[in-house]
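1. coordinates only, no sequence provided:
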C-alpha cells in the first residue's frame, strides 16, 4: 500500500486534501534509485527516500514559486525560484540557504557544469553564473534580448540555453567554456522553445510552441527540425538517444521511441495533471504537476501508478449546520461530515444536466439544495445520498448563489452583462422549494451572494458595491450605499447589529468593511491595493465577537482578534484559491478551495488510516511507574501523533490526540496518578508508523 506522510506547515495550517500536499509541482529530480526531490509553487520542496511511496515536506524557506530543482550527487542541490532567488543545500535537503542573486527576474532553470560551476537562466535576458558552488552569482550579458526557459550542460564545458526573443521566436545559445560566455546558435527561425534535454555529450532535443521539436547530434552547434508534433511540449526528458518523454500545456504525457520522428500520447485515463518528468538510474519515471499530482512508472512509461491521494475537485464552499454536521461543495461532489469535520464521506451530485454545481444551502443534516450556474436546482432529503430535480436549467440565465431560509423558503440570485455593457440582476424566490418565481429588486447589478442572518434579516451582494437588505424575510428589499466600487463577495453577521463584508474587484482594490447598525452603514476597516489583480477575497467568517478570518487567493488568509480593528496576513502554505472557511473557534477550523484544497487547523485534523509499514520503538522510564513516566520514541520527521493508553480490557483510559511532535527523539511525560495499579498498553500512531509497549503502574 501507499504511505503518505502528514505534512509540515507554518501557522498551524495542515494539508488534509490532497496528500501529501496540493501545490503545483514544477520540477523533480532523482539523487539515487530511491531518493527523489520535487519542488513547486509557494516554496514547496518535498523529499522521498523510498521511490515516491512516502514523502516529507521540507521546511518552507520561501513562499516564492520554485521552477527548477537540481542535484549534483546526493547532497548538493539548488532550486531556482521567482524573483531571482536561489535555494541551496549541502546536506541532502535537510537544510536550505536562501541566496538573492543580482536580479529580481524570475529564474526558470539551473544546471551544473561541474561541482562548483553553475548557470541559472530566467526572464528578461537573465543569465547567471556561479564559480563558487552557488554561494555568489554574477549576472552575465545576454547576447540577445530574450527570456530563457531552460539550460543544460551535456559535459563540463558545453552548455545549451533555450528561450524566446521579443518576437516570440526561438533562441538557442551555446557555450564551450562552462558558461563563461554564450553565442547565438538559433535565432528567430522557429517558434520559441521551452525545454532542452541531452542524452550523452552530443545528442540532444529542444521543444517549444506550435509543435516545434529540434534535434542536434553535434552538441548543440547545429539543429535539425523534426516532424511537427501538433503539441507545444513544455518539458522534455530523453532517457537514451531515441526514447524520450514530453509534456504539453494540457498536462498530457507523450513518448517517442524513434528519435522524435513520431510521438504517442501515453497519458493514463484520469491522470491528466503532469507538468514535469524525471528519471532514476533504473529507468523508472516520476511524473508530477498540478494539484500536487505524483505518479510513477516502473516500465518506461507503459503504465503509471498514482502516488498522490485525495480528491482533485474544485471546492466552492463549506458550511456547518450544527457543531458536528458539515458540508463541502465541489463541482460534481458533496462531502459530508458528522463528527465535526474530522472525517468526511463523499457523495456524487447527480441530476445537474447543464453545467456543474456552484452553490449549496443546507437547512439541517438531511435537507439541502444545490444550484447550477444556469438556475438548475436539485435537492436532497437524505444528506446527499439521493437527489431530485426541482428546477430545470434556463438558457441565458446566470446564477451565483442560493440560500434557503428553511425547507421551503429561499432565494437564488445572479445576473449578467450584455455585449454592450448593460448589466442586470436576476432574483428568484420560492415558498415551497419547488416553484421559483422571479422578483424585482432595486439593483441592476449582477448579484454574487445571498445571506440571511435569521429568517427576517437578509442581504444580497453584487457588483460595484451593490448591496440589498431585507427586514421581513425577503418580501421587500432596499438598496444600501456602501461607498465602494469593488464587487461584494461575502458577508457575515455576529449579531443583528454587527457584521462584516468583503469586496474584491478585478480592476479595483480589496476591502473588509464593518457595520454596527445592522448593515445600514459600512466603514472600511482594511484595504489592500489591487497589485495587478493578484489578490481576491472569497470568504469571511467569525467564530465569536473577536476572532475572524478572510480567505481568498492566492492562498490568502487574513485574521483578526479584535473584532476587525486590525488584520494580520497569515503565512501562506499554498497559492491555490481558498474559497470557503469555517472555524469552530480561534484554534480549530477548515478552509476549502481549488484543486481539491482542504486545509485544517487544530482538532479538525485527523490521523488518516493508511497501510503503515514503519514500527516505532517505544520505551517508558521508569517502568513500573507510580506517579509519572517518560515515554521515549523517535520520529524521522515532524509528525502528527496519537498517544493512547489502554487498560487490560482494551479500553482507552487516557489519550493525547492529534499533537505534533518534532523530528528526533521524543520524551513525553505522562501523568499516571489517576490510573489504578495494573498492566497497561501504550500505543502510538502516526500517519506513517505505529508502535506499542507495556507499562506497569504500582500505586
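-> The structure has been received and is ready for your questions. This structure is a prediction, so every number in the text was calculated from the model and none was measured. Residues are numbered from 1 along each chain as shown.
2. can you give the domain ranges for the protein?
-> 1-60+278-310, 70-277, 481-604, 614-697 (automatic domain parsing).
3. the longest one: end-to-end distance?
-> Domain 70-277 stretches 13 Å from its first residue to its last (C-alpha to C-alpha, to the nearest Å).
4. lowest mean pLDDT among the helices and strands of the protein, which one is it?
-> Least confident helix or strand of the chain, by mean pLDDT, DSSP states H and E, is strand 614-615 with a mean of 73.
5. for the helix or strand just after that strand, packing partners?
-> Next helix or strand after strand 614-615 toward the C-terminus (DSSP states H and E): strand 619-621. Judged by 3 or more C-beta pairs under 8 Å, 6 or more residues apart in numbering; DSSP states H and E, the packing partners of strand 619-621 are strand 628-635, strand 689-697. To be clear about C-beta, it is placed using only N, CA and C from the backbone, and glycine gets the same treatment.
6. buried residues in strand 619-621?
-> By neighbour count on 16 or more other C-beta atoms under 10 Å, the buried set for strand 619-621 is residue 620.
7. what strands flank it, and is each parallel or antiparallel?
-> strand 628-635 (antiparallel) (DSSP bridges).
8. run the chain-centre distance for the partner strand.
-> Put simply, strand 628-635 sits 35 Å off its chain's centre (C-alpha atoms, centre = their mean, to the nearest Å).
9. go on, stretch 486-495?
-> Relative to the chain's own centre, stretch 486-495 is displaced by 25 Å; criterion: C-alpha atoms, centre = their mean.
10. avg pLDDT for it?
-> Regarding stretch 486-495, the rounded mean pLDDT is 97.
11. check which residues of it are buried.
-> 486, 487, 488, 489, 490, 491, 492, 493, 494.
12. who are the neighbours in contact with the third one?
-> With contact taken as C-beta atoms under 8 Å, 6 or more residues apart in numbering, residue 488 is in contact with 448, 449, 461, 462, 463, 465, 466, 467, 482, 501, 502, 503.
13. element containing it?
-> Assigned by DSSP H and E, residue 488 belongs to strand 487-493.
14. next, format the domains of the chain as TSV and append distance to residue 318.
-> Shown next, in TSV, are the domains of the chain (distance: least, C-beta to C-beta, whole Å):
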stretch	distance to residue 318
domain 1-60+278-310	12
domain 70-277	24
domain 481-604	4
domain 614-697	20
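15. buried deepest among those domains, which one?
-> With neighbours defined as mean count of other C-beta atoms under 10 Å, the domains of the chain peak in mean count at domain 1-60+278-310, which reaches a mean of 21.
16. now it: mean pLDDT?
-> pLDDT averaged over domain 1-60+278-310 gives 85.
17. one more: stretch 471-479?
-> In this model, stretch 471-479 carries a mean pLDDT of 97.
18. likewise for stretch 427-436?
-> Averaged across stretch 427-436, pLDDT comes to 96.
19. can you point out the buried residues in it?
-> Those would be 427, 428, 429, 430, 433, 436, for stretch 427-436 by 16+ other C-beta under 10 Å.
20. out of these, which is nearest to residue 628?
-> Proximity of the buried residues of stretch 427-436 to residue 628 (C-beta to C-beta) peaks at residue 433, which lies at 59.4 Å.
21. where does this structure have low pLDDT?
-> 1-11, 531-534, 603-614, 638, 658, 687-688 (pLDDT under 70).
22. helices along that one, start to end?
-> Here the chain has no helices by DSSP state H.
23. contact partners for residue 338?
-> Contacts for residue 338 (C-beta under 8 Å, 6+ apart) come out as 324, 325, 365.
24. top of these by neighbour count?
-> Highest neighbour count within those: residue 325, with 19 neighbours (other C-beta atoms under 10 Å).
25. about what we covered before: looking at the buried residues of stretch 486-495, spot the one nearest residue 562.
-> Of all the buried residues of stretch 486-495, residue 562 sits closest to residue 494, with 13.1 Å by C-beta to C-beta.
26. pretty sure that closest one contacts residue 545?
-> Yes - if you go by C-beta atoms under 8 Å, residue 494 and residue 545 touch, sitting 5.7 Å apart.
27. please enumerate the shared neighbours of those two.
-> Both residue 494 and residue 545 are contacted by residue 563, under the criterion C-beta under 8 Å, 6+ apart.
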